[in-house]
Structures are given as C-alpha cells and as structure tokens.
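Asker: sequence-free structure coming up:
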Ligand code: SF4
C-alpha cells in the first residue's frame with residue numbers, strides 16, 4: 001500500500017478512540033464496571049513521521065496501539081489509515097490494511113514461534129498474504145533478513161539460536177517482509193540489553209528513511225523518544241494530556257505531568273542543574289478514575305476546579321495541545 005499522497009490526509013487519524021474492558025464479578029460474571037484503558041484519544045500521524053506515545057506503565061499506550069491495529073476491538077471512536085476506515089473494514093480491505101499496518105512487539109522471545117525456523121515463519125506470512133511462496137518467498141526472506149542486519153543463512157535457524165537483539169531484528173524483518181507503510185513499535189527495545197538498544201533504534205531509523213515508514217513509537221523511555229520521535233503524545237490514565245513537536249516538548253513541557261516525567265531524565269551536562277519533580281501517590285485505577293482532571297490526585301499545582309471539571313485537550317497559541325486548566329484558564 002502506498003502512503004497518503006495528499007498532504008491533507010494524514011497517514012493515520014485517530015478520533016475519540018476508546019477501549020473499555022468490562023470487569024466481571026460473581027458466579028454469573030455480571031459486568032460490574034469497566035477499566036477505561038483508552039478513553040477518548042485523538043491524534044494524527046503524518047506520512048513518514050514518528051509519533052511517540054509516552055507515559056507510565058498502564059497508562060493505555062500499548063492498548064491504543066493494539067486497538068488501532070484491531071488486535072483488540074475498539075469500544076468506540078474512529079481510526080482512518082490513509083483515509084480508509086480501519087475499524088469498519090472487513091474482507092479484502094481488512095486483509096490489505098493488515099499487510100500495510102504492522103507491529104513490532106516488546107518481547108522478541110514470545111513474538112516468534114520456537115518450533116519454526118525464521119525462514120519458515122516469515123515465509124508462512126508471505127504465503128498467507130498472497131505475496132510470495134516457494135523460491136520467491138525464500139528470496140524475499142533472505143532479502144529482508146539482510147536488510148535488517150542479519151545473514152541470509154539465518155533463515156534456516158530457530159529463534160533460540162539468536163541473541164535478543166538478533167531476535168528483534170528477525171521480528172522487524174518479519175514486519176518488513178509485507179512491505180508495510182505503518183508500523184506500531186511497542187516498546188521495541190525495553191526487553192533488550194542496553195548495549196544493543198541503540199543498534200535496534202538505528203535500524204528502525206534507517207528503515208524509516210529507506211522505505212518512508214510511518215511509526216507509532218510506544219515507549220516509557222523519554223531519552224529514547226528524544227532520539228526517535230518527531231512529535232510526542234503524553235498519556236495519563238487512558239487520556240492524552242499533551243501533544244507537541246519534540247523540540248518544543250523537551251524545551252518546555254506545559255502539562256504538569258509532562259514536566260514531572262521530563263524532570264526524571266538524567267542530563268549529560270553536569271553543569272546543568274535540574275530540579276526533579278517527585279510525584280506523590282500512585283496512579284489511580286483506570287477502573288475508578290478520579291473526577292475532574294485525571295491527574296489532580298498527584299498534581300503539584302492542583303486547584304479547586306481541577307477536582308470537578310475535566311480539562312479538554314485544546315490547542316495552545318504555539319500549536320501544541322494540552323489538557324490542563326493552568327494552560328487554558330477556566331472562566
Ligand atoms: Fe494539575 Fe489542574 Fe492542570 Fe490537572 S488541570 S494538570 S490538576 S493544574
């Protein structure tokens with residue numbers, strides 16, 4: 001699938017996306033509530049761009065990625081990929097979208113079938129999608145393995161014969177084999193040794209340049225995001241609280257939660273003094289989120305209005321979006 005050709009159509013447009021998981025209790029498994037893992041998320045990604053979703057573990061960023069790809073069904077909202085309705089697609093259209101929209105998971109150990117050689121696993125996917133089979137598939141497998149920094153003979157090896165970094169290269173090669181234009185990279189380096197993390201990041205950057213890929217890069221590591229992203233979206237309790245161009249975001253985060261997250265990143269220059277903002281309390285349960293601003297139970301700047309009025313994600317005069325009453329005073 002070719003990326004969006006019109007500059008007006010974003011590669012991906014997500015509107016008011018919701019994923020609520022039912023909580024079932026009792027012998028009859030009655031629904032007694034919902035975990036609002038993703039609760040009204042809206043953002044766009046331009047073709048060839050890397051949009052990073054950041055936030056603490058459990059904030060809903062991985063569920064957002066999976067819901068966009070329909071690995072889990074959405075509770076509500078709209079996802080458009082190059083102008084096509086992803087959530088309503090079926091049959092051939094869905095098969096085409098599945099090929100064009102790929103995912104690289106966090107854990108390369110569980111992402112691969114231990115009983116299949118790498119060549120057989122990638123070849124099977126090529127066959128299922130009707131791209132190639134037989135000798136043609138074998139050539140394609142070798143081509144993508146080499147493109148991802150492995151050797152052609154690795155196609156005969158089993159997953160356990162690879163190191164963690166090599167396995168993640170295999171997972172990326174498997175995604176690349178289908179010639180996608182959009183990849184969700186869900187914490188793609190967090191299960192890897194620090195020594196090889198940068199190699200995988202460099203590979204993703206290199207592939208993006210070569211194939212003009214569009215990335216949704218999901219990470220809790222703001223140092224990595226600084227290297228990878230063009231724009232950043234910060235999630236808290238299933239909602240986006242700030243969306244900004246990377247440079248602006250790292251220079252001056254506007255939302256108090258973004259400020260706290262960024263204050264925790266170490267700076268390489270010892271002459272730069274940075275005040276760490278320590279957040280008190282735990283993240284509230286997404287099954288029982290607080291009224292008003294979801295961050296108000298931990299926010300160092302909380303005001304009365306924050307306890308009852310939900311701040312909407314609104315554009316600022318500098319073009320970024322923030323959900324905070326301090327940035328958009330309530331009249
Ligand atoms: Fe803090 Fe209030 Fe802004 Fe929420 S709306 S982040 S509680 S100041």
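Answerer: Looks like it arrived, so ask away. Keep in mind the model is a prediction, meaning the values are calculated, not measured. Numbers count the residues shown, from 1 in each chain.
Asker: I'd assumed residue 232 was in contact with residue 225.
Answerer: Yes - using CB atoms under 8 Å, residue 225 makes contact with residue 232 at a distance of 6.2 Å. (C-beta placed from N, C-alpha, C; glycine too.)
Asker: overlap in contacts of these two?
Answerer: 52, 54, 246 (CB atoms under 8 Å, 6 or more residues apart in numbering).
Asker: ok so, going back, so which of residue 225 and residue 232 has more stuff around it?
Answerer: residue 232 (28 against 21; other CB atoms under 10 Å).
Asker: does residue 35 count as helix, strand or coil?
Answerer: Recorded secondary structure, residue 35: strand (DSSP: H, G, I helix; E, B strand; the rest coil).
Asker: And residue 42, by the same measure?
Answerer: Classification of residue 42 using three-state DSSP returns strand.
Asker: and the residue nearest to it when sequence neighbours are not counted, backbone torsions?
Answerer: Excluding the flanking residues, the one nearest residue 42 by CB to CB, 6 or more residues apart in numbering is residue 15, at 5.2 Å. Here is the backbone geometry of residue 15 (degrees, to the nearest 10): phi -130, psi 120.
Asker: Quick one: the helices in the chain, in order.
Answerer: Taking DSSP state H as the criterion, the chain carries its helices at 61-68, 91-100, 118-128, 134-147, 164-177, 194-211, 222-228, 246-251, 256-263.
Asker: and the closest residue to the ligand within the stretch 51-200 of the chain, how far is that from residue 261?
Answerer: Nearest to the ligand, among the residues of the stretch 51-200 of the chain, is residue 55, at 13.7 Å (CB to the nearest ligand atom). Note on residue 55: its distance to residue 261, by CB to CB, to the nearest Å, is 8 Å.
Asker: and these two? which has more neighbours close in?
Answerer: residue 55 (25 against 21).
Asker: What sits closest to the more buried one if chain neighbours are left out?
Answerer: In space, residue 55 is closest to residue 235, 3.9 Å off (CB to CB, 6+ apart).
Asker: Mind listing the residues bridging to the one you found?
Answerer: residue 240 (DSSP bridges).
Asker: need the contact list for it.
Answerer: Residue 235 touches 41, 53-55, 59-61, 64, 241, counting by CB under 8 Å, 6+ apart.
Asker: can we see that at 6 Å?
Answerer: Residue 235 makes contact with 53, 55, 59-61, according to CB atoms under 6 Å, 6 or more residues apart in numbering.
Asker: Can I get the residues you listed in TSV including pLDDT and distance to residue 87?
Answerer: Below are the contacts of residue 235 laid out as TSV (pLDDT from 0 to 100; distance: CB to CB, whole Å):
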residue	pLDDT	distance to residue 87
53	98	18
55	94	23
59	93	22
60	95	17
61	96	19
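Asker: isn't residue 145 right next to residue 154, touching?
Answerer: Yes - counting by CB atoms under 6 Å, residue 145 touches residue 154, with 5.4 Å between them.
Asker: if you count what's nearby, which of those two comes out ahead?
Answerer: Higher neighbour count among residue 145 and residue 154: residue 145, with 26 against 21, using other CB under 10 Å.
Asker: Residues contacting stretch 117-129, please?
Answerer: Counting by CB under 6 Å, 6+ apart, 99, 113, 132-133, 137, 140-141, 155-158, 170, 174, 177-178 sit against stretch 117-129.
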